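Participant: A structural model of the following input is requested.
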Amino acid sequence: MVCLSSLKLRVTSTKQSLVYSIDWIEELHQSRRFWQKPSGH
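Facilitator: Predicted structure coming up:
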């Protein structure tokens, strides 16, 4: 039971870090697009 709960906790933390990294990547892409806009067209 203890092993199962620790596994569950680990999966939850992994999901949170995954969501965090995805948010960070999207923000990075948005800022990159924003910076490219003035020098582009």
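
Participant: three-state assignment of residue 35?
Facilitator: Using DSSP: H, G, I helix; E, B strand; the rest coil, the three-state assignment for residue 35 comes out as helix.

Participant: give me the number of residues near it?
Facilitator: 10 (other C-beta atoms under 10 Å). Yep, even glycine has a C-beta here, placed from its N, CA and C like the rest.

Participant: Please report how far it lies from residue 11.
Facilitator: 36 Å (C-beta to C-beta, to the nearest Å).

Participant: Also residue 26?
Facilitator: Residue 26 is 23 Å from residue 11, by C-beta to C-beta.

Participant: name the element residue 16 belongs to?
Facilitator: Following DSSP states H and E, one finds residue 16 within helix 2-39.

Participant: what about that helix, average pLDDT?
Facilitator: Helix 2-39 shows a mean pLDDT of 87.

Participant: mind listing what's buried in that helix?
Facilitator: Within helix 2-39, no residue qualifies as buried by neighbour count (16 or more other C-beta atoms under 10 Å).

Participant: now it: how far from the chain's centre is it?
Facilitator: 1 Å (C-alpha atoms, centre = their mean, to the nearest Å).

Participant: From the contact counts, what lies against it?
Facilitator: Helix 2-39 sits against no helix or strand, with contacts defined as 3 or more C-beta pairs under 8 Å, 6 or more residues apart in numbering; DSSP states H and E.

Participant: any idea how far residue 18 lies from residue 36?
Facilitator: 27 Å.
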